[in-house]
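Asker: need the 3D shape of this:
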Amino acid sequence: MGRILIIDDDRSICELLGHILENDRHQADAAFTGAEALKAAADGDYDLFLLDMQLPDVTGLEMISSLAELRPETPVIIITGHASIEDAVKAVKAGVYDYLQKPLHADQVLMAVNQALERKRLLEENRYLKETLNEKYGFDTILTKNKAMLSIFATIRKVADTRATVLITGESGTGKELVARAVHFNSGRRNARFVPINCGGIPETLLESELFGYARGAFTGAVGSKPGLFQSADRGTIFLDEIASMPQSLQVKLLRVLQEGTYYPLGSVTPVEVDVRVVAASNQNLEEAVKAGTFREDLYYRLNVIHILLPPLRDRKEDIPNLAQHFLGKYAKEHGKAIKGLEPAAQEQLMRHSWPGNVRELENAVEHAVAVCAGQTLTARDLPERRSHAASGGGGSMIHQTLHQARDEFEKQYIQALLKATGGNITKAAVMAGIARQNLQLKIKESGINPKAYALNREKS
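Answerer: Residues are numbered from 1 along each chain as shown. This next block holds a predicted model:
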């Protein structure tokens, strides 16, 4: 299925081509002048242009040049009459994919269109693979000596090449997306796209159109149609992070995709068929969400075919030295510094910290240390302040609290530190914490913290 712009001043030809294409499940828009076509091409993400060589305001060859400059990777098929065959041949020699001769026949049109779309898809996949496979997405990207993590990798190897949906749970920052990528790039879908989306980071009103696309006229401003991320992930994998944040209206639509492999774009009555593997992730307890009535039970069981629970970093501290050295090498190269390793005191501090932000927090700490380090070895003084305090043995008073009280107290202090660092900016603080903005707002309210106080501090500074 492709999105195609028909450029022809003959409205009957546009209607004929639109009918032929839409019957083959393509999306078709029309432009009747060169100016209209260039505006549509600039505003819309088209997979193919069908161009008549005779337009009222510009020649076909001029139009080819303008389209090539605007959308160099989008193929063009010429529509031509007998009188302009010579120009059509010149256009093909200049890089146009093919030409169709009037009168048009449905079989002829669909053969040329589908061949052009398949060629474009292959070129895009080749480019995508060159970009992504230069990075390492195998199991060696997740450094571990932990038995639980090694068991998880064994599970991934067993299920990666199946069609089973995968649900990854664990605290924020434990590496859920990295595991999802390992599932994808060790499967038979590795040559197609891995498409990640954070369901908690997109407003509810936009999430449906992002996932499933929309048809022309679906809402005010929808001057053309747009494919969604499920279509982009066709034959590949879509990673739905923070799945618990998905509204129930979309949960129903997702369940249909999982069960039937079809969905309807927003405002469309034509179903779209996709072959997509779904990997979902959540840092919340979905079973509790089901009991609370915020998450559909049938969707939960449909997602939870293969369940991977990632342990927090505090439960796999044997991995901290290797992870820290890995991040050190990464950021030393990025910042152009010749840093060899960590001094024993710095490593001891890292080992003693509780890491509520997990691997993401460790990575941020090492990046901070690399940025401020003036020598060839990271010292304890280079580490962020909160890691130093954590190592100084300040937890003695906590033994007089319950575990729940101690966690609440630490969470409050952590949120206060985030707000102080961001000047009260909740959005930035949520990004640093690796959770949805709405979740952080709820925690701020529960902890009785006033973010405005930190905004005032920023203004005074």
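
Asker: near Leu309, how many other residues are there?
Answerer: Leu309: 11 surrounding residues under other Cβ atoms under 10 Å. In this view, the C-beta of every residue, glycine as well, is placed from N, C-alpha and C.

Asker: before we move on, what about Ser172?
Answerer: When neighbours are defined as other Cβ under 10 Å, Ser172 has 20 of them.

Asker: what kind of secondary structure is it in?
Answerer: Here Ser172 takes the coil state, with states given by DSSP: H, G, I helix; E, B strand; the rest coil.

Asker: against Ile85, how distant is it?
Answerer: Using Cβ to Cβ, to the nearest Å, Ser172 is found at 62 Å from Ile85.

Asker: Lys158 now?
Answerer: 58 Å.

Asker: neighbour count winner among these two?
Answerer: The residue with more neighbours, out of Lys158 and Ile85, is Ile85; 14 against 10, by other Cβ under 10 Å.

Asker: so what's Arg119 up against?
Answerer: 75, 97 (Cβ atoms under 8 Å, 6 or more residues apart in numbering).

Asker: where's it, which helix or strand?
Answerer: Per DSSP states H and E, Arg119 falls inside helix 106-132.

Asker: do Met351 as well
Answerer: helix 344-352.

Asker: for that helix, buried residues please.
Answerer: Across helix 344-352, burial judged by 16 or more other Cβ atoms under 10 Å covers 346-347, 349-350.

Asker: just give me the closest of these to Thr220.
Answerer: If you rank the buried residues of helix 344-352 by distance to Thr220 using Cβ to Cβ, Leu350 comes first, at 52.7 Å.

Asker: show me the shaky parts of this structure.
Answerer: Across the chain, the ranges flagged by pLDDT under 70 are 82-84, 88, 126-143, 221-223, 386-406, 456-461.

Asker: quick check: domain ranges of it?
Answerer: Following automatic domain parsing, the chain resolves into domains at 3-130, 139-311, 316-394, 400-461.

Asker: one step back: could I get the helix or strand that the helix holding Met351 is followed by in PDB with only the CA atoms?
Answerer: Where DSSP H and E defines the elements, the next helix or strand beyond helix 344-352 is helix 358-372. C-alpha atoms of helix 358-372 as PDB (Å, rounded to 0.1, in the frame of the first residue of the first chain):
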ATOM      1  CA  ASN A 358      18.900   2.100  37.100                       C
ATOM      2  CA  VAL A 359      21.100   1.800  34.000                       C
ATOM      3  CA  ARG A 360      20.000   5.100  32.600                       C
ATOM      4  CA  GLU A 361      21.000   6.900  35.800                       C
ATOM      5  CA  LEU A 362      24.400   5.100  35.800                       C
ATOM      6  CA  GLU A 363      24.900   6.200  32.200                       C
ATOM      7  CA  ASN A 364      24.100   9.800  33.100                       C
ATOM      8  CA  ALA A 365      26.400   9.700  36.100                       C
ATOM      9  CA  VAL A 366      29.300   8.500  34.000                       C
ATOM     10  CA  GLU A 367      28.600  11.000  31.200                       C
ATOM     11  CA  HIS A 368      28.700  13.800  33.900                       C
ATOM     12  CA  ALA A 369      31.900  12.500  35.300                       C
ATOM     13  CA  VAL A 370      33.600  12.300  31.900                       C
ATOM     14  CA  ALA A 371      32.500  15.900  31.100                       C
ATOM     15  CA  VAL A 372      34.000  17.400  34.300                       C
END
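
Asker: and the helix or strand following helix 358-372, what does it pack against?
Answerer: Beyond helix 358-372 in the direction of the C-terminus, DSSP H and E gives the next helix or strand as strand 377-378. On a contact count with 3 or more Cβ pairs under 8 Å, 6 or more residues apart in numbering; DSSP states H and E, strand 377-378 meets strand 341-342, helix 358-372.

Asker: helix, strand, or coil at Ile168?
Answerer: Three-state call for Ile168 (three-state DSSP): strand.

Asker: was I right about it contacting Asn283?
Answerer: No: using Cβ atoms under 8 Å, Ile168 is not in contact with Asn283; the gap is 9.8 Å.

Asker: got any residues that touch both of those two?
Answerer: Both Ile168 and Asn283 are contacted by Lys176, under the criterion Cβ under 8 Å, 6+ apart.

Asker: out of these two, which sits in the busier spot?
Answerer: Higher neighbour count among Ile168 and Asn283: Ile168, with 26 against 22, using other Cβ under 10 Å.

Asker: mind listing what the residue nearest to the spatial centre of the chain touches?
Answerer: Nearest residue to the geometric centre of the chain (Cα atoms, centre = their mean): Pro196, 2.7 Å. By Cβ under 8 Å, 6+ apart, the residues touching Pro196 are 177, 180, 238-239, 241.

Asker: again, 6 Å this time
Answerer: When contacts are counted by Cβ atoms under 6 Å, 6 or more residues apart in numbering, Pro196 touches Phe239.

Asker: ok, now the one 3 residues further on?
Answerer: Taking Cβ under 6 Å, 6+ apart as the criterion, Cys199 is in contact with 240, 242-243, 245-246.

Asker: 7 Å instead?
Answerer: By Cβ atoms under 7 Å, 6 or more residues apart in numbering, Cys199 lies in contact with 207, 240-243, 245-246.

Asker: ranking those by neighbours, who comes first?
Answerer: Ile243 leads the contacts of Cys199 on contacts (other Cβ under 10 Å) with 27 neighbours.

Asker: list the contacts for it?
Answerer: Taking Cβ under 7 Å, 6+ apart as the criterion, Ile243 is in contact with 199, 280-282.

Asker: how about 8 Å then?
Answerer: Listed by Cβ under 8 Å, 6+ apart, the contact set of Ile243 reads 167, 199, 280-282, 286, 303.

Asker: to what extent is Asn198 buried, counted in neighbours?
Answerer: Using other Cβ under 10 Å, Asn198 has 16 other residues around it.

Asker: wait, it sits on Glu242?
Answerer: Yes: Asn198 is in contact with Glu242 according to Cβ under 8 Å; the separation is 5.6 Å.

Asker: common neighbours of the two, please.
Answerer: Here Asn198 and Glu242 share the contacting residues Ala436, scored by Cβ under 8 Å, 6+ apart.

Asker: ok, back up a step: and the contacts of Cys199, which two are the farthest apart?
Answerer: Leu207 and Asp241 (12.2 Å).

Asker: keeping just the C-alphas, turn stretch 76-87 into PDB.
Answerer: This file holds the C-alpha atoms of stretch 76-87, laid out as PDB (Å, rounded to 0.1, in the frame of the first residue of the first chain):
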ATOM      1  CA  VAL A  76       7.900   9.500 -10.800                       C
ATOM      2  CA  ILE A  77       5.800   7.700 -13.400                       C
ATOM      3  CA  ILE A  78       4.900   9.700 -16.500                       C
ATOM      4  CA  ILE A  79       1.500   9.700 -18.000                       C
ATOM      5  CA  THR A  80       1.800  10.600 -21.700                       C
ATOM      6  CA  GLY A  81      -0.200  10.700 -25.000                       C
ATOM      7  CA  HIS A  82       1.200   9.700 -28.400                       C
ATOM      8  CA  ALA A  83       2.400  13.200 -29.100                       C
ATOM      9  CA  SER A  84       4.700  13.300 -26.200                       C
ATOM     10  CA  ILE A  85       6.300   9.800 -26.300                       C
ATOM     11  CA  GLU A  86       9.600  11.400 -27.200                       C
ATOM     12  CA  ASP A  87       9.600  13.600 -24.100                       C
END
